[in-house]
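Coordinates for the following, if possible.
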Amino acid sequence: MKTTNRRKFLTTTAALAAGTAASAMSTHTTAEKYPVVHHALFWLKNPGSKADLDKLVKGVKSLGKIDLVRQIHVGVVASTEKRDVVDNSWSVSEIMFFNSLADQAAYQAHPIHLKFVEECSGLWEKVVVYDAIEA
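Just a heads-up that it's a prediction; the model follows:
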């Protein structure tokens, strides 16, 4: 096989492989799969306490065991660029995805959620919740 033909063959094969792989990937976003998003931000009473932070993070992560929760992300403040539009005053963030508003409502009364509130509510001074549905 001539060098030119071999290059064309390899280039074509690579392009076809990349195209096949790309088309096999899911094009659905998390919001399309799970249209209800529940985002809670927690401000610790003692923001300098590593023990309180660890306990709250562990408690929030336990909410992922609730069968109605499709996905969960638990995070702490990232050390990103300081800008006027960035609020980094909170301590712990939780983002959950649900199939429906009914599932999100049932989550509120779930025993694991109620236990979390009972055991961890003394750790925070403020919680702000943003619930959203796919537009």
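
switch to C-alpha atoms for all contacts and neighbour counts from now on
Fine.

Okay, buried residues for stretch 85-99 please.
90-99 (16 or more other CA atoms under 10 Å).

Tell me where the protein is predicted with low confidence.
1-32 (pLDDT under 70).

if you go through the chain in chain order, where are the strands?
Along the chain, the segments classed as strands by DSSP state E run 36-44, 71-76, 92-98, 124-133.

Provide the strand pairings for the shortest one, with the direction of each partner.
Taking DSSP bridges as the criterion, strand 71-76 sits next to strand 92-98 (antiparallel) in its sheet.

re the thing from before, save the strands of the chain as TSV, and put in distance to Ala51 too.
TSV is the format used below for the strands of the chain (distance: least, CA to CA, whole Å):
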stretch	distance to Ala51
strand 36-44	11
strand 71-76	14
strand 92-98	13
strand 124-133	13
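
quick one: which of the ones you listed is nearest Asp52?
Closest approach to Asp52 among those (CA to CA): strand 36-44, 7.6 Å.

rewinding a little: mind putting the buried residues of stretch 85-99 into JSON lines with distance to Lys58?
Rendered in JSON lines, the data for these read as follows (distance: CA to CA, whole Å):
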{"residue": "Trp90", "distance to Lys58": "16"}
{"residue": "Ser91", "distance to Lys58": "13"}
{"residue": "Val92", "distance to Lys58": "11"}
{"residue": "Ser93", "distance to Lys58": "12"}
{"residue": "Glu94", "distance to Lys58": "11"}
{"residue": "Ile95", "distance to Lys58": "14"}
{"residue": "Met96", "distance to Lys58": "15"}
{"residue": "Phe97", "distance to Lys58": "19"}
{"residue": "Phe98", "distance to Lys58": "21"}
{"residue": "Asn99", "distance to Lys58": "24"}
